[in-house]
Structures are given as C-alpha cells and as structure tokens.
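Enquirer: show me how the following folds:
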Amino acid sequence: MFSRTNNCGELNKTHIGSSVLLCGWVNSLRTHGKIIFIDIRDRYGKTQVILDKDNLIDKGNSLSNEDVISISGKVSARTKEFVNKEIATGEIEVIVDKLEILSVSDPLPVPIHDRDASTEEQRLKYRYLELRNKTLQDNLIKRHHAAQVVRNFLSKKDFIEIETPVLMKSTPEGARDYLVPSRVHHGKFYALPQSPQMYKQLFMISGLDKYFQIVKCFRDEDLRSDRQPEFTQIDLEMSFVDEPDIRNLVENLITTVFKEVNDVKIKKPFPIITHNESIQRYGTDKPDLRYDMELNDFKDFSDKSDFKSFKDLEYISMISVKDEGFFSRKIIDELDDYAKSLGAKGLAWMKCKNNTLDGGIARFFDSNLQSDIISNYKLKNNSICFMVGDNSKLALKVLGSVRTKIAEMLNLCDNTIFKPVWIVDFPLFEWDEEKKRFESVNHPFTAPKDSDIEKLSSHPEDVISKGYDIVINGYEVAGGSIRIHDNEMQKQIFEIMNMKEKEINEKFGFFIDALKFGTPPHGGIAFGFDRLVMLLCGVNNIRDIIAFPKTTSASALMEEAPNTISETQLNDLNISINDNEKDI
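Expert: Numbers count the residues shown, from 1 in each chain. Below is the predicted model:
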C-alpha cells in the first residue's frame, strides 16, 4: 500500500470527503487520550492525519519520528479553531482507516529540523539525513528551477547544448589540475577540466556559432565558503560578437533568471565600471554595491598633518561611515586587529562630532585642516573615518576588506537586494615576482583591446584586455572575454608569458593549429552556477546549495573520499606509494 493518490502538500478544502492514500515520513506524533495526531511529511509538505480506532492506536503507539508509513483514509475539514494557516494543508486533516509501516527508523545521529544543533562535520557525514531539512530541499528545488530557466532561455536564443570531454590534457596555466592516471598509457595522465575553454572555442572554429553547457569543472585549489573542488558552470560561447553583444545577452539572462525563479525585477542596463576604478573606489574588483562607503584618496590631507606614521607612505586610503555609538573602542580595536591580519601596519581613525574631528589621530590635524577634511569629504556629524596607509595596492586591498567587514557588522548586506555590476578593462597581464614572468589576469586566450595591440611587444604591462566580469553583491558570478582568433597573436601571448616554442607546441599545439583554418571573432562567458544559486537562495555558504559538498579540506565525510586504493589497482596504473608521501 504505497501507491499514492496525493502528496503530503496538496490536500485542501476541495478534497473534503475524498478517499486518499498518502505516503511519507512521520514528522511528529501527539497523543491525546484515545486519539493520535501524526504529521506525515514528504518533500511537498505535510498533512495532519488522525488515528482514532483501537487497532490503529496500537500501531500508532509503536511509531517514532522518521518512520516511513502509508495511510489511507478520508479527508475531513478541521474545526475553525484548529485551522493551521502556516501550511498549505492547514484547513484539512485525514481520518485514517488503514496504516502500514513501510520502514522503521533508528534514532537519528543528527537532528533534521535544527541544523545548528550539530556540527557541520556531523551533518556532512549524514548528509542524506540533513537533506531531509526543508530549507536544503527548497534550495535544491530552486537550483533545479534556475537550471531549467537557463536552458530554456538559451535554447530560445538558438544556443545548442553540447557536452565536452571530462578526461582531457593537462595545461596547468591557472589553478592546479586534478589528474587521472591512465591504465593503458603508463606514466601518462588525463586532467579533469578546470573549464571547457579550448573546447568551446573549437566549437566556434567548427562553425557551431552558439554553444552552451551546464558543466562540471574541477580545480585543485584552497577552498572557502563560496568555492568547492568540483563546481558547476553555465558555459557559453558565441561567434561574430563583441563586448556589448555579450553584455546584452548576459543581462537578459540574469534578469530572466531572477524574475522567473525569485520574482525579483533587476533594472537594466547594469552599471559598468573599470577594473581600476573598482579598486580605487572599493578596494576590490568584486564590489558589493548594496551599501556606500567608497574609498577616498586621503594622502593630500595626511601630508599636511603632523601624523608622522603616514608621512613616508605611498598611499593613504580613507572611508567614512555613519556612527550612532556603534564604534566603541572595543569594536575599533577589533577592526584594527583585522586590518593587521591582512598585512596593514594598523587602522587609523577619527570621529566627526560637532563639525570637528575627535579621537584617534585627530589631534595631529589642526582645526583648519579638520575643516577642510570635513568639507572635502562631506563628513556628517556622528560619523567615523578609518584610514590605512601603505603602498597603494595593499592600502586599497586592506581598506576594501575593512569596508566589507564593517558592512557585515552593521547588517548592511540585505540578501533580498541584488546589485549587479560589470567590471571591465582588466589588465591583460600581471607580473609574477616569484616566477619573474608575466601571467594572464584572466587566461591566455583573452584578446587585448584593439587600441592596445601595438603595446604587446613593448609594454605588455600596460595592455588592457577585452575581459569582463559580472559581480553581484560582492560575488563574482560570471567572467569571460572576447577571445583571440588569430594564431600569430595567440603565439605572441604565450611568448610574452615566457613560454618557449616547445612548451607552446606541447601544451597548445593542436589549438594553435586550429586557429589557422578560418576562425571567426568570438567571445563568451562562464557563470559560477553555484554562486548564482547561492544568491537566489539568500545563503552565504556554497555547501547549502550543493547536494553532496566537500569540506574545506576537499574531503567527502559521508563516503570518506579521497581514500586509499588496492595494490591491484595501483599495479594496473604502474604507481607505487612511498611510506611518507606518494610518488609516481
């Protein structure tokens, strides 16, 4: 008796008098004399059922939470005083005439409905139980909905979904690859894709014009709350496009997803700011625009002060924020410690009160200088200024992180508000001091701005790329670029990165060859689908929207992966393992 007539979330007043059969988990039991009330639950909702017959009471008394049961009975209206407006089935109940116990549950090692009552390690070990939690189930349902919206939107725009290989060649030019040893080709390895980058460009060379894929990618890198070793991308590529074409498509896709999944309207067009402007104003290329607190250049004023600690520093950055008594000395000290943990020498401060500056380093600024500061930055009474001095890169980065920290402290991060912004005009290269060579800021297939092509040979550090990111609420949700479609320029980029001809041919020879045979101008973008779903669900931890996530040490606690393998498997792969470390 487990062929349902209805699920546990759909019965209402229109079903009164109907005979139904429900299946699900015992969510709760309440005994009142000769009557047992049971809330039976499935992923659609829960329904109250009543056992009031002697033969059913005996069975009911043997039940525990999370037992799986099926019941048949007749739908009845609840009396007015017992209507539950909090649930969809709250106006009815089912009077049971038959009960069958389908599965008996052991006592649960972790609670289902209170996730905070156990550690994350315990919850991940029993993830299949934690996934019975309604919030997590709703997150996965929303993830499914978002994926369907994306597929429908792109399909209507003439994109075709094509799968790319999971076993590919290792071309380590970014994060570390996950490697897979070959049994057939001893001593050789496949790599799991960090991105289908070259494959999707090859599709454009193949004349397929518009490609997309919702695809698994893998990166062996340090993890955090918004990063996993395996993650999902919405990957897309288009031929005969330039940056405005990509921006227009992506804005329409994002606004469609938020409207159809969350019923949230996001205004278009999205603001566009350059990479350099973003660093100067927010201290990061992933700015959260839900709140103000822009960074300001404070050096002209600090140079006129008597504060000697700032005198010989390259750059002084300042932010101001409203203070209604929140910033006690204890809070200021916490922020100072935080700034120091990021590499700053300290966090200077002073408060604006009664049109004068007070506290912190205010005594080093005379009254005229204080007035100029208040006027120049339009400081309001009951505000506080924070300053970091160092080289410009560090000062901006640290104060940008302090800005984010303050916003968290003041609860300025409203997860129901979404503020997308395009970050454009990234440098094409950055200098790696350790390796003494140029590295790609995005990846080596990103095209330079047309106006900067002549600088490639003489001043590569000044070349601006045709790369672009979409940032929403401080998260990089998508990133892409217009690609290089000329094989000579592609080789030149590799050479600027100090790659020798042999290395270029070994790693990218097939791709360089492909560019010779009539390559259309093309570009694309890849969404971090997990991060997008995080925003849609209003959560701050990527593990809350992935069915079976890894820990921050890339471990799967439930199935205990990674794990050892047998000697037979190692021999098949021609691999030996030392006692202290693994070697090939």
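Enquirer: quick one: the strands in the stretch 151-300 of the chain?
Expert: 160-161, 179-181, 189-191, 210-218, 230-239, 272-274, 296-297 (DSSP state E, counting those that start in this stretch).
Enquirer: for the fourth one, buried residues please.
Expert: Within strand 210-218, the residues scored as buried using 16 or more other C-beta atoms under 10 Å are 210-215, 217-218. The way it works is simple: take the backbone N, C-alpha and C, and place the C-beta from them, glycine included.
Enquirer: ok, that strand: who's next to it in the sheet?
Expert: Note on strand 210-218: by DSSP bridges, its sheet partners are strand 160-161 (parallel), strand 230-239 (antiparallel).
Enquirer: and the first one, average pLDDT?
Expert: Okay, so that is strand 160-161. Taken as a whole, strand 160-161 carries a mean pLDDT of 98.
Enquirer: next: the last one.
Expert: For strand 230-239, the mean per-residue pLDDT is 97.
Enquirer: residue 143 against residue 545, yeah?
Expert: Yes. At 5.8 Å, residue 143 counts as touching residue 545 under the criterion of C-beta atoms under 8 Å.
Enquirer: overlap in contacts, these two.
Expert: Taking C-beta atoms under 8 Å, 6 or more residues apart in numbering as the contact rule, the neighbours common to residue 143 and residue 545 are 533, 537.
Enquirer: other residues contacting stretch 70-78?
Expert: So stretch 70-78 is contacted by 1-2, 4, 11, 13, 15-23, 38, 40, 48-49, 84, 90-100, 102 (C-beta under 8 Å, 6+ apart).
Enquirer: just the buried ones from those residues?
Expert: For those, buried by 16+ other C-beta under 10 Å: 11, 15, 20-23, 38, 40, 48-49, 90-94, 96, 99.
Enquirer: which residue is the nearest non-sequential neighbour of residue 520?
Expert: residue 239 (4.3 Å; C-beta to C-beta, 6 or more residues apart in numbering).
Enquirer: I'd like the strands of the stretch 151-300 of the chain as a markdown table, with distance to residue 245 appended.
Expert: Putting the strands of the stretch 151-300 of the chain into a markdown table (distance: least, C-beta to C-beta, whole Å) gives the following:
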| stretch | distance to residue 245 |
| --- | --- |
| strand 160-161 | 18 |
| strand 179-181 | 37 |
| strand 189-191 | 32 |
| strand 210-218 | 11 |
| strand 230-239 | 7 |
| strand 272-274 | 14 |
| strand 296-297 | 36 |
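Enquirer: let me know which of these is tucked in deepest.
Expert: Counting by mean count of other C-beta atoms under 10 Å, strand 230-239 has the highest mean neighbour count of those, with a mean of 22.
Enquirer: so where is this structure shaky, pLDDT-wise?
Expert: 1-2, 172-174, 579-584 (pLDDT under 70).
Enquirer: ok, longest helix in it?
Expert: helix 134-156 (DSSP state H).
Enquirer: and the contacts of stretch 364-376?
Expert: 301, 304-307, 350, 352, 355-357, 362, 379.
Enquirer: cool, and stretch 137-154?
Expert: 43, 131, 161, 210, 212, 214, 234, 236, 252-253, 256-257, 260-261, 529, 532-533, 536-537, 539, 544-545, 547.
Enquirer: show me what contacts the residue positioned nearest the centre of the chain?
Expert: By C-alpha atoms, centre = their mean, the chain has its centre lying nearest to residue 531, at 2.4 Å. Residue 531 makes contact with 226, 475-477, 542 under the criterion C-beta under 8 Å, 6+ apart.
Enquirer: now, the contacts of stretch 70-78 that are in helices?
Expert: Among those, no member falls in helices (DSSP H).
Enquirer: select, out of the strands of the stretch 151-300 of the chain, the one closest to residue 455.
Expert: strand 272-274 (17.1 Å; C-beta to C-beta).
Enquirer: does residue 490 lie in a helix or a strand, and which?
Expert: helix 487-496 (DSSP states H and E).
Enquirer: go on, residue 60?
Expert: helix 54-61.
Enquirer: parallel or antiparallel, list what pairs with the next helix or strand along the chain from that helix.
Expert: Downstream of helix 54-61, the next assigned helix or strand under DSSP H and E is strand 68-77. Strand 68-77 has the following sheet partners, assigned by DSSP bridges: strand 19-32 (antiparallel), strand 92-103 (antiparallel).
Enquirer: residue 404 is nearest to which of those?
Expert: Of these, nearest to residue 404 by C-beta to C-beta is strand 19-32, at 39.6 Å.
Enquirer: that closest one to helix 54-61, inter-axis angle?
Expert: 70 degrees (axes from the mean of the first three to the mean of the last three C-alpha atoms, to 10 degrees).
Enquirer: now the contacts of stretch 137-154: which count as buried?
Expert: Judged by 16+ other C-beta under 10 Å, buried ones among these: 43, 131, 210, 212, 214, 234, 236, 253, 256-257, 260-261, 529, 532-533, 536-537, 539, 544-545.
Enquirer: what sits closest to residue 287 if chain neighbours are left out?
Expert: residue 278 (5.5 Å).
Enquirer: ugh, typo on my part, it should be residue 202
Expert: residue 514 (5.9 Å).
Enquirer: next: residue 121.
Expert: residue 557 (6.2 Å).
Enquirer: how close does that neighbour sit to residue 119?
Expert: According to C-beta to C-beta, to the nearest Å, residue 557 and residue 119 sit 11 Å apart.
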